[in-house]
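Participant: Generate coordinates for the sequence data below:
(chains A and B)
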Amino acid sequence: MRIHRITLRNYRGVGRSEVSFPAQGVTIIEGDNEVGKTSLSEAIDLLLGERDDSTKQRVRAVKPIHKDVGAEVEIELSTGPYRFVYRKRWHKQRETLLEILEPQRSQLTGREAHDKVRAILDETLDEALWDAFRLRQGTALEQAAFAGGSLGRALDRAAGGDAAGDREDDLWERISAERDRYWTATGQVKAERTALAARVADAATRVATLEAELRSLDDDAASVDRLCDEAKVLRDRKRAYKKSEDELAVQFEAIQSRRSDVTRLEGLRDTALAQRDHVLGLKNVRADLIRRVAGTAAAVAAIESHMATAVPARQEGKAILGALHEQLDAVKEQAAHAETSQRRAIADRDFLRQHIEVAQLSERLARATDAMRRRDEAQTVLDSALVDDALVERIEAADIDVARAEAAATTGAASLAVHAVADVELEIDGELGALVAGAARELMVDGSTELCVPGVIRLVFNAGAEAQALADRLAAARRAFSALCHEGGVADLAGARLAATARNEAARTLVETERSIKDDLRDLSVDALTHKVSGLTERIAQYRADRPAEPPLPADYRAAEKQALCAERALQQHREQRDRLEKDVARAKDELQALDLGDASTKARLEQARIAAAQEQHALDKARSETTDEELEQNLAAREAALTARAAELSTVQAQLAAQDPVTVEELLDNTRAAQGRLAGELHENEATVRDLRTKLSLLGEGGLANQLDMAKSELTHLSVSYEQLEARAAAAKLLYDTFARRRTEAHHRYVAPFRDGIESLGRLVFGPTLQIDLADDLSIKRRTLDGVTLDFADLSTGAKEQLGMISRLACASIVAADGGAPVIFDDALGWSDPRKLERMGAAISKAGRSCQIIVLTCTPGRYASVGDASVVQLAS
Amino acid sequence: MIKFIHTADWQLGMTRHFLSDEAQARFTAARIEAISTIGALAVEAGCSFVVVGGDVFESNQVERRVVLRALEAMRSTPDVAFYLLPGNHDPLDAASVFRSKTFVDNCPANVVVIQDCNPIPAGDGIEVVGAPWPTKRPLVDLVAGAVSGLPADGSLRVVVGHGSTDTLSPDPNDPALVALGGLEAALAAGSVHYVALGDRHSTTEVGTTGRIWYSGTPEPTAYDEIDPGKVLIVELSADAVSVEHHQVGTWQFVRQDFDVTGPEDCLKVEHFLNEIPDKARTIVKLSLVGQLSLADMDRLETSLSHASDLLGSLERWERRSDLVALPDSNDFGTLGLSGFAAAGLDDLREVGSGTGEDAQTARDALGLLYRLARTSVDT
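Facilitator: Numbers count the residues shown, from 1 in each chain, chains lettered A, B, ... in the order given. Below you'll find the model as predicted:
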């Protein structure tokens, strides 16, 4: 749509005002509110929207003040293929006039004209877009209401697409609603569908259950039939067993009767046996009696015979005892003799041994006494000896020292050689000597030496200092030597060595004598030994005195010892002989005594035996008087015969019984009975089972299971069909929704990009080259990015919001202008923008104006001075 | 000369899954009512008894009230004896419904359960000889067993049996097949005079004697039954037999196949459905194969839904892929979708023109879109 001209007459305070607009570009209308600046915008709405007879407040409000005329608005505009002039007058002389210029000239008035304009606008104008493009002061803060798709469609169309309309949007809503019937917002299957699926499953389960129950019923019915057949078989078999039982019972009865015969005959046989045994017992008693009579008689005879042999034996025993006594006495005497001899031999032997002993002891005593003496001497030497080996060594060292000092003094000291030319007396250091002619004497001059020929001359020699020292050292060595000799109590070294040797000798002697004393004395002291010797000597003398002369003392100890041994042996022999005889005597005594005793008891036994024999004989006689032996024998023979007869009878009947095979018959009979019992049990069980099954069947049979199953199957079929249909509908709804959603998104993307490009291209004039924006699905600006900083639209400054709101409208208008579009009308917008931004906005508006019609209304002259390419119209009052 | 009714395969208690609860109730009631109808027919036609050739009940485990209602229905004609034969559905096993407390306690005097093969006197010189099924799977020809040893002693005998004859069975190894030769021999020998069979739900004569029949079920139970809904009124003497078919069934099963490729075919289907008489007791199975535009499909579904409300049951016998709804240019042309909606529509049409599960889902999505877009336009 393009507005070419607007004329107001008697509109509010405006008398007449007319503004013409170029088809493209920016027209700025400046003027006070009072002069109708805003009225222009309002007037367009009234003209297009309100009939001339409207009494609405907004219509009444535009009635001119102080004038009794109607307000009038006339617009010339083109939209789509149409161009027309449209005029309305309200309040007074109401009028509506439409003059269509293109494409076909025509003129309409009144209601017809109004309706025609509405129809044209409906056909050609996107009302929502038209509404969005008109910006009143402040409303630019809000984003254009592009929701509902009018902008989208416009953009879509502009982008060359086949635009969808309200119908498509409506259809889309229906498609979404249809989908929502089956699917949740997150694409899950809705509860109604799962519920139906569950019902299908339940129905299937119920069918399966009922089928199983029916099958089980059929099985039970079949089981009953089978069990009844089995029962028949069981009964037949039971009957067969009963028949064999009856037959066997007859046989068994016969066997039982034969068995009682056997029992009876056994009784008879047992009686006969008992009778025979009784007679046999009597016979045995008789035989026993006879045996006892014979036995007692024999006993009497034996005793009597024994007594006859007993008397000579005693006499012999007495004789033996006497002889033994005699032998014993003789042996005793011999033994006493031997004992005496033995004692003497031992005494002799001991005497001779003591003799030897005294000699030995005396010798040991003498040796010990001597050793003690020598020991004491050695001890004396030791006690007095002053020189030991160590002292000798020291004296030797001192001696060597003296020798060395002498040698030194000799070589170092002045020496004086005196050669006697004639014999001469000399006094050297006060010591008078003589020297024969030709002799010489050498003197050492140490210290001072005085040589005097008495009466003649006195020569004094004094040694030098060195010689003096040597002489002193020698003197010291000699003093030391002398001191040591004095300590050892010896004159010189040789003496010392002698003294040391003597001391060592004494020490050895001491050791030796001690050992000798110990060896000889052993554990005795000298006194004890001495006492022992004297004691023994005394006893020897005593024995010698006491002993008789005969027999003579053996020659020596060895002989005595031999004699003692012989005597001992003889004594022993005698004693043994004596003991043997004593035992023999005792035994003989015992034997004799026993013979005496036996004699007495035999007599008593004989008496008893005789009494017993008489008793037995009496008993036998008595028994025989009652029954003779012959009678007894005859009786026994008769009983034996009877027994044999009975046994034969019994074995005959027993053989007959065995022939009847009682064991087999009995086993068979038991078996038939057991089998019948078992069959009865099986039958019972069979009948119980059948009874139970019949009860169960009759109970279930009343339940109408077949009908229930049929109904369940019907329900399952119906539900399955419903479910399949439901699922098919759900799938169809989803497919429809998905397909349309995809296409819708595609369309959306097609026009979103050019729109955003348009906004950014204009917006960069205002905000600079880094501007980026994000659009929401409803085409509103979601975010702005500037110099890398991104802000949500709501967080932008008021000025920025206003500017972006205008820019988005300008961008949209530029895009849709080619397709008709609508003019953009700004009513004193940009009140929030600072001068710098205003200037830049001016550039943006100017740029947009190159492709679309822009009308700017302002009461602030200069606010839009920066819009470069604009026609400015001053509204005069 | 005697006159009796031969029927079989009442299948009382049968349920059909394709029936709604309401239709099932009527279906069940109709089977009970058939008993009363048979009783009344017997009285009216002067029949002295009714033989039921097995499968009186759908199962031994039928509902108690089915048993009670059946007995009650038979009680209403006390002068007509009903000889009930246990068949393969309700064998005389331990679970037999005929021995259930409900049955035994409520069995009226005119109802006789054939429990063994012993001849049952059914009037002067007349005997009913039955071959009841003792189990679900007998291993012998039960009817042959019942017939063997019957003397040709002048008694007029009606044999009641159940099961397929060897001439009709597809399974020659089934040991329980009824041997036709033996029956014909017995008929020829004069020991037996009519054989009333059950098991086939279609009324069928067997052999050439004119005395061996399957009566069929009095109320149809399935689509594949030929000429069901009949009972046979038999007039019998040693020399002559006449068998009259009598319709008692009130329900019908109908199956129809259609190829649908355009609006004319839809009209044909509509017409077919409209022309069905007695809709409430008709069970229809439609097989629809072809491809329709969304608009045509919409219309067809509407008419099917309408018919479904009227009919006892309307079954669709088709896989989802047998009848394909594929949008043509008209379907969405009038909607004039543009923008993303037009693109989405094109996507779905492309996928939907293929085959397989995804294509089917895409076609469903298109159908949905059609519905949503159309209501959108309507508002």
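
Participant: contacts and neighbour counts: CA atoms only from here.
Facilitator: Fine.

Participant: where exactly do the strands run in the stretch 601-750 of chain A?
Facilitator: Counting by DSSP state E, counting those that start in this stretch, one finds no strands in the stretch 601-750 of chain A.

Participant: Show me chain B divided up by domain.
Facilitator: Residue ranges for the domains of chain B, per automatic domain parsing: B:2-247, B:252-378.

Participant: Now do the same for the one helix or strand A:Arg503 maps to: mean pLDDT, whole number.
Facilitator: Using DSSP states H and E, A:Arg503 falls within helix A:493-521. The average pLDDT for helix A:493-521 rounds to 86.

Participant: Likewise for stretch A:266-278?
Facilitator: The average pLDDT for stretch A:266-278 rounds to 91.

Participant: and the longest helix seen in chain B, does that touch chain A?
Facilitator: As assigned by DSSP state H, the longest helix anywhere in chain B is helix B:21-45. No: using CA under 8 Å from any CA of the partner chain, we find that helix B:21-45 stays clear of chain A, coming within 9.2 Å at best.

Participant: what's that helix packed up against?
Facilitator: Applying 3 or more CA pairs under 8 Å, 6 or more residues apart in numbering or on different chains; DSSP states H and E, we find helix B:21-45 packed against strand B:2-7, helix B:64-75.

Participant: Pipe these into a markdown table and attach mean pLDDT and mean neighbour count per row.
Facilitator: Below are the helices and strands packed on helix B:21-45 laid out as a markdown table (pLDDT from 0 to 100; neighbours: other CA atoms under 10 Å in any protein chain shown):
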| stretch | mean pLDDT | mean neighbour count |
| --- | --- | --- |
| strand B:2-7 | 96 | 25 |
| helix B:64-75 | 93 | 20 |
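
Participant: which of the domains of chain B sits most buried?
Facilitator: When the domains of chain B are scored by mean count of other CA atoms under 10 Å in any protein chain shown, the highest mean neighbour count falls to domain B:2-247 (a mean of 20).

Participant: Check what pLDDT residue 192 gets.
Facilitator: With no chain named, the answer covers chain A. If you check A:Glu192, the pLDDT there is 88.

Participant: other chain: chain B
Facilitator: 94.

Participant: likewise the one 4 residues further on?
Facilitator: B:Ala196 is assigned 96 on the pLDDT scale.

Participant: what does B:Leu273 give?
Facilitator: Per-residue confidence (pLDDT) for B:Leu273: 93.

Participant: What separation do you get for the closest residue to chain B within chain A and B:Ser100?
Facilitator: Going by CA to the nearest CA, chain B is nearest to A:Gly704 of chain A, at 3.7 Å. Per CA to CA, to the nearest Å, A:Gly704 is found 11 Å from B:Ser100.

Participant: One more: A:Ala378?
Facilitator: Separation of A:Ala378 from B:Ser100 (CA to CA): 158 Å.

Participant: Just the helices from the stretch 1-150 of chain A, written as ranges.
Facilitator: A:37-49, A:57-60, A:110-124, A:127-132, A:150-158 (DSSP state H, counting those that start in this stretch).

Participant: ok, longest helix in chain A?
Facilitator: The single longest helix within chain A, with elements called by DSSP H, is helix A:191-309.

Participant: Helices of chain B, start to end?
Facilitator: Using DSSP H, helices in chain B cover B:21-45, B:64-75, B:101-106, B:142-147, B:180-189, B:263-275, B:294-310, B:329-333, B:340-352, B:357-378.

Participant: Which of those helices sits closest to A:Glu649?
Facilitator: Proximity to A:Glu649 (CA to CA) singles out helix B:142-147 among the helices of chain B, at 67.4 Å.

Participant: Make TSV from the helices of chain B and add distance to A:Gly70 to it.
Facilitator: Output for these, formatted as TSV (distance: least, CA to CA, whole Å):
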stretch	distance to A:Gly70
helix B:21-45	76
helix B:64-75	91
helix B:101-106	100
helix B:142-147	113
helix B:180-189	113
helix B:263-275	64
helix B:294-310	57
helix B:329-333	50
helix B:340-352	49
helix B:357-378	43
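
Participant: Confidence-wise, which of these is weakest overall?
Facilitator: helix B:329-333 (a mean of 72).

Participant: just for the stretch 151-300 of chain A, where's the confidence low?
Facilitator: For the stretch 151-300 of chain A, the stretches flagged by pLDDT under 70 are A:151-166.

Participant: change it to 80
Facilitator: Applying pLDDT under 80 to the stretch 151-300 of chain A flags residues A:151-169.

Participant: closest to A:Gly31 out of the domains of chain B?
Facilitator: domain B:252-378 (44.9 Å).

Participant: what's the spacing between the nearest residue to B:Ile32 once chain neighbours are set aside and chain A?
Facilitator: Distances taken as CA to CA, 6 or more residues apart in numbering or on different chains place B:Ala70 nearest to B:Ile32, at 5.9 Å, with adjacent residues excluded. Using CA to the nearest CA, to the nearest Å, B:Ala70 is found at 14 Å from chain A.

Participant: do the same with B:Leu288
Facilitator: Distance, B:Leu288 to chain A, using CA to the nearest CA: 17 Å.
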